[in-house]
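S.K.: What shape does this take:
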Amino acid sequence: MNASAEAVTVVAAAPKETAHWGWRKWVGMVGAPLAALIVWFAPLPLEAPAQKCLAIVLFMVLLWVTEVMDYGVTALIGAYLFWVLGIAKFSSAFDGFVNPTPWFLFGAMMIAKAASITGLARRIAFTIMSVIGTSFSRLLLGIIIVSCLLNFIIPSGMAQLAAMAPIVLGIVMAFNVPQESNVGRAMFVTITYTSGLFNKMILAGAASVMAWGLMKSIGNVTVFYFDWLVAFLPVIPLTILATWRLVLWLYPPEKRELPEGRSYLKQELDRLGPWSRGEKRAFLFMMLAIVFWVTDRIHHIEPAMIGLGVGLLLCVPGLGVLRTKELKEINYLLIVFLGGALSMGTVMKETKLINVLSEALLHWAEPLLRGEVLSAFVLYWAAFIYHLFMGSELPMVSTSIPVILNLAVAKGWNPATTGMIWVFATAGKIFVYQSSVLVVGYAYGYFKAKDLIRVGGCLTVIECVFLVLLVWLWWPLIGLR
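M.R.: Residues are numbered from 1 along each chain as shown. Have a look, this model is predicted:
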């Protein structure tokens with residue numbers, strides 16, 4: 001069985017969503033339009049365009065929170081309503097679809113698909129772990145490092161988890177321990193959580209890419225891929241070490257050494273065989289994208305242009321590795337969601353709704369926002385609390401980042417650092433419903449909700465400490481204020 005087939009088999013074994021509707025979806029179907037109608041006709045002290053925009057935004061948010069339908073469909077409905085109800089012109093209601101940001105994500109998803117179907121991601125993972133060692137401690141460290149590095153070749157938390165899950169399943173089985181063992185719980189909760197952790201420190205993943213696009217359209221500031229990476233560079237190794245030591249402390253293993261040790265890892269690498277032509281091509285194109293991304297401060301070619309260009313090269317017959325079949329497997333609704341969410345930010349800005357929300361936020365937050373370090377601390381925990389109510393990080397970022405960036409502009413703060421702090425805070429999660437990646441990881445059945453609370457709660461506090469140190473010591477050194 002090849003790597004991609006094995007991954008499909010594992011994912012298929014996970015529990016599937018039931019067809020019946022729960023109370024949450026009924027609340028969304030009834031509550032979303034009802035709340036929109038109430039706000040639309042209520043005698044609020046708002047200008048008509050802002051009030052109508054607020055009604056549609058509330059409609060979209062409630063549908064996102066209750067997950068009545070796919071996020072992308074909801075975003076497209078919202079963009080259509082902005083247009084058909086006369087709240088915004090077509091060019092504004094669908095502005096997000098001509099923004100480079102969704103195309104950045106599309107290119108990244110094509111690169112990720114190439115790494116997955118060729119077995120490149122699997123080969124890289126086993127190679128790194130065979131170098132690091134075969135004890136439980138070293139294998140756990142290897143898994144965390146691989147999870148971090150995969151963000152450069154698979155900039156999608158869901159795709160990372162799909163690539164890593166078969167590998168971790170094989171390792172847990174090789175340890176010959178029960179599913180509820182500390183070995184299984186530790187490894188699965190680690191890959192699940194870190195699949196959505198490091199992509200806030202690197203310009204990878206839908207949430208970071210969306211924030212990057214909104215910084216440009218609302219904050220009028222361009223953040224280079226290289227600058228984003230350098231801004232969080234010290235936190236990356238610190239997070240790797242902190243996650244490693246934390247999980248080892250919380251889950252002492254039943255067995256400290258992998259039976260058969262290096263022979264098991266060698267066997268897995270031998271099973272992959274020599275580098276295939278597809279792997280070589282995928283690796284070369286991946287390296288091409290990475291080199292251009294990390295040097296964008298020099299050549300000033302947009303990350304979206306690089307990602308989409310390399311992704312399209314991977315589709316060229318005789319040159320790339322992606323065929324029509326693989327392209328059809330890409331989740332295009334995620335791209336639609338990103339375009340619709342960016343369009344929502346544009347309409348909020350044009351109708352001046354964003355100014356109203358910024359003033360409301362400023363009213364309670366201003367007394368706490370004193371100095372760069374304290375402001376970072378307050379923003380971090382404000383984002384964490386907001387994330388608890390909003391749930392999934394994509395709607396959380398799409399509805400909050402425009403307001404936060406507008407507030408930053410009004411107060412004379414740096415929109416880039418403000419946006420990066422807010423996005424960084426979305427990595428802190430303690431409940432399964434807060435990310436689709438967490439839902440999928442939880443569905444494998446190797447860890448319980450309380451495990452996520454333990455690991456997520458501790459890492460949320462640890463990452464806050466790292467952020468404060470970053471803002472206090474590192475950002476002034478590299479000219480970020």
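
S.K.: got the residue ranges for the helices in the stretch 151-300 of the chain?
M.R.: Applying DSSP state H, counting those that start in this stretch to the stretch 151-300 of the chain gives helices spanning 157-175, 182-194, 206-217, 225-232, 235-250, 262-272, 277-294, 296-299.

S.K.: Of those, which is nearest residue 356?
M.R.: Evaluated with Cβ to Cβ, the helices of the stretch 151-300 of the chain place helix 206-217 nearest to residue 356, the distance being 17.9 Å. Where you see a C-beta, it was placed from the backbone N, CA and C, and this is true even at glycine.

S.K.: so what does that closest one touch, helix or strand wise?
M.R.: Here helix 206-217 touches helix 100-117, helix 332-350, helix 393-411, helix 415-425, going by 3 or more Cβ pairs under 8 Å, 6 or more residues apart in numbering; DSSP states H and E.

S.K.: Out of these, flag the one nearest residue 151.
M.R.: In terms of Cβ to Cβ, the element of the helices and strands packed on helix 206-217 nearest to residue 151 is helix 100-117, at 9.9 Å.

S.K.: So what does residue 435 look like in phi/psi?
M.R.: Main-chain dihedrals, residue 435, degrees, to the nearest 10: phi -160, psi 140.

S.K.: Actually, residue 135.
M.R.: Torsion angles, degrees, to the nearest 10, at residue 135: phi -70, psi 160.

S.K.: How about it, nearest residue that isn't a chain neighbour?
M.R.: Nearest non-adjacent residue to residue 135, counting by Cβ to Cβ, 6 or more residues apart in numbering: residue 257, 5.3 Å away.

S.K.: same question, residue 426
M.R.: Nearest non-adjacent residue to residue 426 (Cβ to Cβ, 6+ apart): residue 393, at 4.7 Å.

S.K.: could you check the distance from that neighbour over to residue 222?
M.R.: Note on residue 393: its distance to residue 222, by Cβ to Cβ, to the nearest Å, is 23 Å.

S.K.: tell me which residues of the helix or strand containing residue 82 are tucked away?
M.R.: For residue 82, the host element (DSSP states H and E) is helix 71-84. Of the residues in helix 71-84, 71, 72, 74, 75, 76, 77, 78, 79, 80, 81, 82, 83 count as buried by neighbour count, 16 or more other Cβ atoms under 10 Å.

S.K.: what do you get for stretch 215-229?
M.R.: Buried residues in stretch 215-229, counted by 16+ other Cβ under 10 Å: 215-219, 221, 223-229.

S.K.: measure it end to end?
M.R.: 16 Å (Cα to Cα, to the nearest Å).

S.K.: Tell me how far that stretch lies from the chain's centre.
M.R.: With Cα atoms, centre = their mean, to the nearest Å as the basis, stretch 215-229 stands 17 Å off its chain's centre.

S.K.: Which other helices and strands does the longest helix along the chain contact?
M.R.: Secondary structure assigned by DSSP state H gives helix 449-469 as the longest helix of the chain. In terms of contacts (3+ Cβ pairs under 8 Å, 6+ apart), helix 449-469 is packed against helix 182-194, helix 235-250, helix 372-390, helix 415-425, helix 436-443.

S.K.: in terms of contact, does residue 182 touch residue 251 like I think?
M.R.: Yes: here residue 182 reaches residue 251: they are 4.0 Å apart, a contact under Cβ atoms under 8 Å.

S.K.: I'd like to know which of the helices of the stretch 151-300 of the chain lies nearest to residue 329.
M.R.: Closest to residue 329 of those, according to Cβ to Cβ: helix 157-175, at 10.8 Å.

S.K.: Residue ranges in the stretch 201-350 of the chain under the pLDDT threshold?
M.R.: Under the criterion pLDDT under 70, the flagged ranges of the stretch 201-350 of the chain are 260-262.

S.K.: On the three-state scheme, residue 430 is what?
M.R.: Look at residue 430: counting by DSSP: H, G, I helix; E, B strand; the rest coil, its state is coil.

S.K.: Might you report the residue contacts of the closest residue to it other than its chain neighbours?
M.R.: Excluding the flanking residues, the one nearest residue 430 by Cβ to Cβ, 6+ apart is residue 456, at 4.2 Å. By Cβ atoms under 8 Å, 6 or more residues apart in numbering, residue 456 lies in contact with 193, 428, 429, 430, 431.

S.K.: where's residue 456 relative to residue 388, distance?
M.R.: Relative to residue 388, residue 456 is positioned 11 Å away (Cβ to Cβ).

S.K.: Identify the contacts common to these two.
M.R.: Shared contacts of residue 456 and residue 388, defined by Cβ under 8 Å, 6+ apart, comprise residue 431.

S.K.: quick one, what contacts the most centrally placed residue in the chain?
M.R.: Against the mean C-alpha coordinate of the chain, by Cα atoms, centre = their mean, the closest residue is residue 205 at 4.0 Å. Contacts for residue 205 (Cβ under 8 Å, 6+ apart) come out as 151, 155, 156, 157, 196, 199.

S.K.: I'd like the contacts of residue 456 as a markdown table, with pLDDT appended.
M.R.: Output for these, formatted as a markdown table (pLDDT from 0 to 100):
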| residue | pLDDT |
| --- | --- |
| 193 | 93 |
| 428 | 90 |
| 429 | 90 |
| 430 | 85 |
| 431 | 78 |
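
S.K.: ok, now how distant is the residue nearest to residue 170 when sequence neighbours are not counted from residue 223?
M.R.: The shortest distance from residue 170 to any residue other than its chain neighbours is 6.9 Å, reached at residue 268 (Cβ to Cβ, 6+ apart). For residue 268, the distance to residue 223 equals 39 Å [Cβ to Cβ].

S.K.: what does residue 77 give?
M.R.: Here the criterion is Cβ to Cβ. By it, residue 77 lies 30 Å from residue 223.

S.K.: can you check residue 118 too?
M.R.: Applying Cβ to Cβ, the value for residue 118 to residue 223 is 31 Å.

S.K.: re the thing from before, which of residue 182 and residue 251 has more neighbours?
M.R.: The neighbour count for residue 182 versus residue 251, taken as other Cβ atoms under 10 Å, is higher for residue 251 (23 against 18).

S.K.: That concludes my questions; thank you for your assistance.
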